[in-house]
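1. Test case, fold it:
(one chain, ligands or ions: 2)
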Amino acid sequence: MSTIANAVSPAIASKPDARSSLTTLKGLLPFLSPYKRQFVLAGIALLFAAGATLAIPYAFKQMIDLGFGAAGAKSTEHIDFYFLALFGVATVLAVSTAARFYAVSWLGERVTADIRSAVYRHVVTQSPQFFEITRSGEVLSRLTADTTLIQSLVGTSISMALRNAVLFVGGLGMMFFTSVKLAAIIIVLLFAVILPIIMFGRRVRTLSRDSQDRIADASAVAGEILNAMPTVQAYTHEKIEADRFGISVERAFATAIRRIRARSVLTVLAIVLVFGAIVFVLWLGAHAVMEGNMTGGELGQFILYSALVAGAVGALAETLGEAQRAAGATERLLELLAERSPIQSPAQPQALPPRMQAGASLALQDVTFKYPSRPQSASLSNFTLNVEPGETVAVVGPSGAGKTTLFQLLLRFYDPQQGRILLDGVEIRDLDLHVLRNAIGIVPQDSVIFAADAMENIRYGRVDATDQEVIVVAKMAAAHEFIEKLPDGYKSFLGERGVRLSGGQRQRIAIARALLKNPPLLLLDEATSALDAESERLVQSALEAAMAGRTTLVIAHRLATVQKADRIIVLDDGRLVETGTHASLVAQGGIYANLAALQFHGK
Ligand SMILES: Nc1ncnc2c1ncn2[C@@H]1O[C@H](COP(=O)(O)OP(=O)(O)OP(=O)(O)O)[C@@H](O)[C@H]1O
Ligand SMILES: [Mg+2]
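-> Ligands and ions are numbered 1, 2, ... in the order given. Next up, the predicted model:
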C-alpha cells in the first residue's frame, strides 16, 4: 500500500520547466473556442465600460477649465451640461460593468464545468496501470481544486486583465494627448519597471504548481484513509492518521505561504516601482504648471489618467500572478488529459463471429506476462490453455500463483508481453474493448457494491434491464430472499461500498449482477473469506446457476466448486503445472493433492 501511495505518478510528476509560463494557458483554447459569441459579448461590454471610465477624467478637465476657469454667463450652463454628461457616463459604466461581469462569470463557470467533465471522461478510460500509480484522491483534487483556479482565471482574471489592458492603453494614449513630454518619460520608466515584475511572475507560477501538488497529496492521503476507516480504528491508528494528514496539510500550507510571499513581493515591487515612476513625472508636471507650460485642468486630467494607468498596472500585476497560478494548475490538468491509456481499442476492430453454441471458446497461447510495475518477475509464464464452449474450468493454485492475473489479461486490463489470447477465435487485441468486455461477466474476489439501492446495484450488470429481470437474476443468485428482508426491499440503500451487507450477501449481489449481463464467458474469482455453512451453500447454488449454459473459468477455493468443474488446472508461480479432474489429480499426488489436503480438508 505504502509503496503505491508513495510512488509519484508519471502523469503528474514534475517535468522540467521548459515551457515559458503563460504559454501553458494556450492549452485551454480548445475549451474556450466553443464560446466565441460569449467572448465577443463580454468584449463589447468591456470596451464600453473602459471607454466610460476613460471619459471621466476628460469630463473633469472640461469642468475645471471651462466651468470654473472662465467666468461668465456660459459657465452655469457648462456646469449643468458636464454634470449631466458625467452622470450619463456613470450609467453607461454601471450597465456595461454588470454585463461584463455576467458574461465573463458565465464563461468561467461554463469552461470549468467542461474541463471537469473532459478530465473525468478521460480518466475513466485509463487502464488499471494508471490507477496503480495515481491515487484517486489526487485525481479528485485535480478535478476540484485545480479547476477552481482556472475558473477564477477565466471568470475574473481574464476580464480584469483585458479591462486593465484597455485602461492602460487608453489612459496612456490620453496622457500623450495631454502632454507628450510627460507621457514619454512615463513610458520609458514603466518599461524599466515591468521587467523585474515579469521575472518574479515566473517564480510565482512554479510555486503555485507545487502548492497545488501538495493539496493533491493531502487529498490523496485523506481519500485512502477514509476508505479504510474500520481498519484504521481497529488498529487504533486514528491519531497516527490524523497526524499524517496534518503533516500533508502543513506541507501544503508551507508551500502556499512561499507562493504568497513571492506574490506579496511581486505586489510591492509593482506598486512601488510604478507609483514611483508616476509620482516622479507628476512632480515634473507640477513644475510645468508653475512655469505656465500647462493649465491646472490639464495637470488634473493627467493626474487622473496616470492614476488610472497606475491602477491598471497594479491590477495587471495582480492578474499576472493569478494567471501564473492558473497556468500551474492547467499544466497538471493538461498532463492528465494527455495521458494515453496503453490499452486501446484497435482502429479497425474485428467483429466476433456469430456464436453457434452456448458459451464462448477461449484460447491462450504461450502467454507470458509481467506487471509493468514489476518487470523483473513474470506473473504468468508460457501459459497455454484451450477452453471449449460451455466448459467449466476450475483454476486452483497457491496464493500469488497468478490466478487473478489470468482474469486481468482476459479482460484486457493489461496486454501480455508475449503470446496470444483468442476469444471465439479472434485475438482479443483485435476486438473493440467494449465488445470484448461485454462478452465477459466477472465476479471479482472482493465484490464491489455502489452507494445505491439493491435494485440499482444489480442493474449495473445491464442498465436497460427491467425490475422484473433484476428480480429473476436475484432469485437465481440466491439474493432475492435476503434483499426482500431488508427494510425497503430492493429499494434499500446498501451504503457506500456495501457497508450495510455481509460478505456473503455482497457476493450474491455481485453474482446476480454478472448473471444479468448474461455473458458467454463468465469469470468467477471465488472469495477466500470463510463463509458460514448456510451462506456457503447459498453462494454455491448461486454460482452453479451462474455457470449453466456458458463458458466459465472459476478460481476455486472450495471443494464443492472444483468437483462441479469439467476440468481443473493448477497454477504455481505463473505456470500451468497440472491438469485433470479432482480424482485424477489427487491420485497424481502433486501440488493439487497437497493443496486439496490442506484447503478442502473437512469441507
Ligand atoms: N498490479 C500488480 N502489479 C504488480 N504485481 C502484481 C499486481 N497484481 C498482482 N501482482 C503480483 O502477481 C502475482 C500473481 O498475483 P495474483 O493476484 O494473480 O495471485 P492469485 O493467484 O490471484 O492469488 P490469490 O489466491 O491470493 O488471490 C503475485 O506475485 C502478485 O504479487
Ligand atoms: Mg487472486
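2. Please count neighbours and contacts with C-alpha atoms only from this point.
-> OK.
3. tally of neighbours for the residue of the stretch 501-603 of the chain found nearest ligand 1?
-> As assessed by C-alpha to the nearest ligand atom, ligand 1 sits closest to Gly574 within the stretch 501-603 of the chain, at 7.0 Å. A count of nearby residues for Gly574, using other C-alpha atoms under 10 Å, gives 24.
4. and what of Leu598?
-> Quick note: Leu598 (other C-alpha under 10 Å) scores 10 neighbours.
5. Distance of it relative to Pro389?
-> Using C-alpha to C-alpha, to the nearest Å, Leu598 is found at 32 Å from Pro389.
6. hmm, back to that, pop out the phi and psi values for the residue of the stretch 501-603 of the chain closest to ligand 1.
-> phi 80, psi 0 (degrees, to the nearest 10).
7. which residues sit in contact with it?
-> Contact analysis of Gly574 by C-alpha atoms under 8 Å, 6 or more residues apart in numbering lists 378-381, 383, 401-402.
8. 6 Å - rerun?
-> For Gly574, the contacting residues are 379-381, 401-402, by C-alpha atoms under 6 Å, 6 or more residues apart in numbering.
9. Just the pLDDT for it.
-> Listed pLDDT for Gly574 reads 93.
10. what number of residues lie near the closest residue to it other than its chain neighbours?
-> Leaving aside its sequence neighbours, Gly574 sits nearest to Leu380 (C-alpha to C-alpha, 6 or more residues apart in numbering; 3.9 Å). Neighbour count for Leu380, taken as other C-alpha under 10 Å: 25.
11. any idea how far Leu380 lies from ligand 1?
-> Per C-alpha to the nearest ligand atom, to the nearest Å, Leu380 is found 8 Å from ligand 1.
12. If that residue is in a bridge, with which residues?
-> Phe369 (DSSP bridges).
13. these two touch, right, it and Lys370?
-> No - contact between Leu380 and Lys370 fails when scored by C-alpha atoms under 6 Å: they sit 7.0 Å apart.
14. Quick one: the strands in the stretch 451-600 of the chain, in order.
-> Along the stretch 451-600 of the chain, the stretches classed as strands by DSSP state E, counting those that start in this stretch are 521-525, 551-555, 567-572, 575-580.
15. And Ala118, how far from Thr147?
-> Going from Ala118 to Thr147 by C-alpha to C-alpha gives 11 Å.
16. what's the answer for Val473, then?
-> According to C-alpha to C-alpha, Val473 stands 42 Å off from Thr147.
17. same check, this time on Met160
-> Per C-alpha to C-alpha, Met160 is found 19 Å from Thr147.
18. Equivalent analysis for Ala394, please.
-> Using C-alpha to C-alpha, one gets 48 Å for the distance from Ala394 to Thr147.
19. number of nearby residues for Gly425?
-> 13.
20. and what of the one 5 residues further on?
-> The criterion is other C-alpha under 10 Å. On that basis, Asp430 has 17 neighbouring residues.
21. For Pro128, see how far away it is.
-> 20 Å.
22. Please identify the most buried of the strands of the stretch 451-600 of the chain.
-> strand 551-555 (a mean of 26; mean count of other C-alpha atoms under 10 Å).
23. that older thread, name the residue in Ala118 and Thr147 with the higher neighbour count.
-> Taking other C-alpha under 10 Å, Ala118 and Thr147 do not tie; Thr147 has more neighbours (24 against 14).
24. now for the contacts of Gly574, which pair is the farthest apart?
-> Ser381 and Ala401 (10.7 Å; C-alpha to C-alpha).
25. Where does pLDDT dip in the stretch 101-250 of the chain?
-> Where the stretch 101-250 of the chain drops to pLDDT under 70, the residues are 201.
26. Secondary structure element holding Ser345?
-> Secondary structure assigned from DSSP states H and E places Ser345 in neither a helix nor a strand.
27. And the pLDDT at Ser20?
-> 43.
28. looking at the chain, which helix or strand is least sure?
-> The helix or strand of the chain with the poorest confidence is helix 2-6; it has a mean of 35 (mean pLDDT, DSSP states H and E).
29. residues making contact with stretch 31-46?
-> Stretch 31-46 is contacted from outside by 96, 100, 103, using C-alpha under 6 Å, 6+ apart.
30. Can you name the residues of the stretch 351-500 of the chain that neighbour ligand 1?
-> Contact residues (C-alpha under 6 Å from any ligand atom) of the stretch 351-500 of the chain with ligand 1: 371, 373-374, 379, 399-405.
31. Using neighbour counts, give me the buried entries of these.
-> Buried by 16 or more other C-alpha atoms under 10 Å: 371, 379, 401-405, out of these.
32. dump the residue contacts of Leu576.
-> By C-alpha under 6 Å, 6+ apart, the residues touching Leu576 are Val570.
33. what about the residue of the stretch 151-300 of the chain found nearest ligand 1, helix or strand, and which?
-> Of all residues in the stretch 151-300 of the chain, Glu224 sits closest to ligand 1, at 17.0 Å by C-alpha to the nearest ligand atom. Secondary-structure assignment from DSSP H and E places Glu224 in helix 180-226.
34. hang on, Gly285 is in a helix, isn't it?
-> Yes - looking at Gly285 with DSSP: H, G, I helix; E, B strand; the rest coil, it is inside a helix.
35. Not counting sequence-adjacent ones, nearest residue to it?
-> Per C-alpha to C-alpha, 6+ apart, closest to Gly285 is Leu299, 6.6 Å.
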